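K.L.:
Let's see this in three dimensions:
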Amino acid sequence: EHPVYRVTSPQPRTDPLLRIFVADSAFVCHQVKVFINGAALKGINQIDAIGISDQTKPVTVGINVSTATPKDIQKENLGKTVNSPGQEVAPVISPDGRTLYFTRNFNKANIGGADRQDVWYSTLESGANGTPPT
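P.N.:
Numbers count the residues shown, from 1 in each chain. A predicted model of the protein is given here:
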């Protein structure tokens, strides 16, 4: 028999992590099954990750940003081979600097409709701004 831990009304908190500690230290967990009734929860109700640990000390999370990241980011139109009449946002450059990933809104080629955000990418070619995104 598997124990069930139900969180029905989490207290308002500034910490985005929900931590559930199992009182029985003899219990070994290898998997987790999560059900979310989004209509019953106010506020944040999405899951980005689930961690399982045998430790009782809460983990800390954060984002490590490179010290080489420019402080003043300037938008730059990369021309018709990359930019579209739609909206390109959230650019990420691959570690080798040759591929640009971004999300695109308002494009008729987006899966599920033009109003959906799809991830597109463009690869840098020698002497060009980039290949047409796919």
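K.L.:
which residue ranges form the strands in the chain?
P.N.:
87-93, 99-105, 118-123 (DSSP state E).
K.L.:
Please tell me how far I20 sits from Q117.
P.N.:
Noted for I20: a distance of 31 Å to Q117, by CB to CB, to the nearest Å. The C-beta positions use only the backbone N, C-alpha and C, and glycine is treated the same way.
K.L.:
out of the strands of the chain, nearest to N77?
P.N.:
strand 87-93 (9.5 Å; CB to CB).
K.L.:
what packs against the closest one?
P.N.:
strand 99-105 (3 or more CB pairs under 8 Å, 6 or more residues apart in numbering; DSSP states H and E).
K.L.:
Neighbouring strands of the strand it packs on in the sheet, and parallel or not?
P.N.:
strand 87-93 (antiparallel), strand 118-123 (antiparallel) (DSSP bridges).
K.L.:
got a list of contacts for it?
P.N.:
Defining contact as CB atoms under 8 Å, 6 or more residues apart in numbering, one finds that strand 99-105 is touched by 78, 82, 84, 86-94, 110, 114-124, 130, 133.
K.L.:
residues near the closest residue to Q31 other than its chain neighbours, how many?
P.N.:
Leaving aside its chain neighbours, Q31 sits nearest to I52 (7.9 Å; criterion: CB to CB, 6 or more residues apart in numbering). The local packing of I52 (other CB atoms under 10 Å) involves 9 other residues.
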